[in-house]
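# Got a predicted model here, sequence first, then my questions.
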Amino acid sequence: MKKKLGKIFPIIDSDQRKKMVEEKILNSTQTNNGVVNIHRYNLNNVGDLFCGPHHYFKELENSHLDILGFRKISKNKRLQWSEKISNNALIIGGGGLLNIRHFERQMKLFEQLKAKGKKTILWGLGHNDPKLKHVGNPKSYNINIKNFNLVGTRDYSMPGEYVPCVSCLHPIFDKDYTETRETGIIITNSSLKDTSILEKFKNYPSTSNTTTLSEMINFIGNSATVVTDSYHAMYWAILLGKKTVSIPVTSKFYDFKYKSVISSYENFEEDLYKAQSYSGVLEECREINLNFAEKVFDYLNS
């Protein structure tokens, strides 16, 4: 049936769909009538979902736009996506949107819009290169940050102002938690599907980043040490003063200001004793984001 429908209604492949959206946006007049917050709006990944500033500022309520919208099969949805990009100022981030092929075309597209009068802001995003998971930071970003009006990235040693993920502003971090376990494991959705990884963690309480925010933060709060291959599980654990051991799946784990112990699926138990906690990180991250927000809204209103 699918093959027959393809003959009657030719399906435009993903690359063609993306190209059509890019051309439409670049050939359209760019205005800043409102604002949209573009990030990976993924209901099945709690870190992706809550890394957007629109969750934390009344001025950005209901402004979210999924960065993957430009490849939708529906022509009407692609048109709506491109019109939102052309008609509004752009806040791009957070999340691992840089140095990863999955988002490169979108980021290159956004990079071109400043010259067309678009107000463009990078907020709390960072590098995410899977090729460097055993190496560390990339030497540069895959975009020129000078082609954006305001730049705040979560990578401490990379170009641009240091602005950690805005999810630190969520009130859930103000709650009190009681430690009921020494070590808790938090894995990503892809790891959840890998039986060899699950086998390595079978003796430890575990959860994944596919759960709800409250469930994940409760799990972190009840653990003295968190072992994870999820960036936001690492980040949130550090915010809550937990010891952390990180298993890198991309470059994103290497450049948060407060270092997590870097380990592997095979050796994490040997590295548990190396883990350390930090104090005052939540307050610092909140202050940085509130100061950056003031710059953002002053700029948007100028």
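Everything's here; your move.

# C-alpha only now, for contacts and for neighbours.
Will do.

# residues contacting G93?
N37, I38, H39, C51, G52, P53, L122, W123, G124, L125 (Cα atoms under 8 Å, 6 or more residues apart in numbering).

# Determine the number of other residues adjacent to the fourth one.
Using other Cα atoms under 10 Å, C51 is surrounded by 26 other residues.

# who wins for neighbours among the contacts of G93?
W123 (32 neighbours).

# helix, strand or coil for that residue?
Three-state call for W123 (DSSP: H, G, I helix; E, B strand; the rest coil): strand.

# so it touches I92, yeah?
Yes: applying Cα atoms under 8 Å as the test, W123 and I92 come out as touching, 6.1 Å apart.

# quick one on the thing from earlier: what is the nearest of the contacts of G93 to N218?
C51 (18.1 Å; Cα to Cα).

# For S230, see how far away that closest one is.
13 Å (Cα to Cα, to the nearest Å).

# Next: N147.
30 Å.

# Neighbour count: the two, which is higher?
When N147 and S230 are compared for neighbours, S230 comes out ahead with 24 against 17, by other Cα under 10 Å.

# ok, how many other residues are close to Q30?
Neighbours around Q30, by other Cα under 10 Å: 21.

# likewise G221?
Per other Cα under 10 Å, the neighbour tally for G221 reads 25.

# check contacts around it.
G221 neighbours (Cα under 8 Å, 6+ apart): D176, Y177, T178, E179, A237, L240, K242.

# Now the last one: closest residue in space, sequence neighbours ignored.
The spatially closest residue to K242, leaving aside those adjacent along the chain, is S277, at 5.2 Å (Cα to Cα, 6 or more residues apart in numbering).

# pLDDT-wise, which helix or strand of this structure ranks last?
Among the helices and strands of the chain, helix 2-8 carries the lowest confidence by mean pLDDT, DSSP states H and E, at a mean of 45.

# could you point out which element follows that one?
Per DSSP states H and E, the first helix or strand lying C-terminal to helix 2-8 is helix 14-26.

# can you pull the buried residues of that following helix?
R17, K18, M20, V21, E22, I25, L26 (16 or more other Cα atoms under 10 Å).

# need these in CSV with distance to R71, can you?
As requested, those are arranged in CSV below (distance: Cα to Cα, whole Å):
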residue, distance to R71
R17, 6
K18, 5
M20, 9
V21, 8
E22, 10
I25, 14
L26, 16
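
# can you list these in TSV and add pLDDT and distance to G69?
As requested, these are arranged in TSV below (pLDDT from 0 to 100; distance: Cα to Cα, whole Å):
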residue	pLDDT	distance to G69
R17	93	10
K18	94	9
M20	94	13
V21	95	10
E22	96	12
I25	98	13
L26	97	16
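
# Just name the closest of those residues to Y204, please.
Y204 has its nearest neighbour among those in K18, at 43.1 Å by Cα to Cα.

# The closest one reaches F70, doesn't it?
Yes: counting by Cα under 8 Å, K18 sits close enough to F70 to count as a contact (5.8 Å).

# Can you pull the residues that touch both of those two?
Joint contacts of K18 and F70 (Cα under 8 Å, 6+ apart) do not exist.

# Show the low-confidence segments of this protein, by residue range.
Within the chain, the segments meeting pLDDT under 70 span 1-12.

# what's around the nearest residue to M158 once chain neighbours are set aside, how many residues?
Closest residue to M158 apart from its sequence neighbours, by Cα to Cα, 6+ apart: S140 at 7.4 Å. Look at S140: counted by other Cα under 10 Å, it has 12 neighbours.

# Quick check: which element contains S140?
Counting by DSSP H and E, there is no helix or strand that carries S140.

# number of nearby residues for the residue lying closest to E266 once chain neighbours are set aside?
Nearest non-adjacent residue to E266, counting by Cα to Cα, 6+ apart: K200, 7.2 Å away. For K200, the count of nearby residues is 14 (other Cα under 10 Å).

# Pretty sure K200 sits against S264.
No: K200 is beyond contact range of S264, at 10.6 Å (criterion: Cα under 8 Å).
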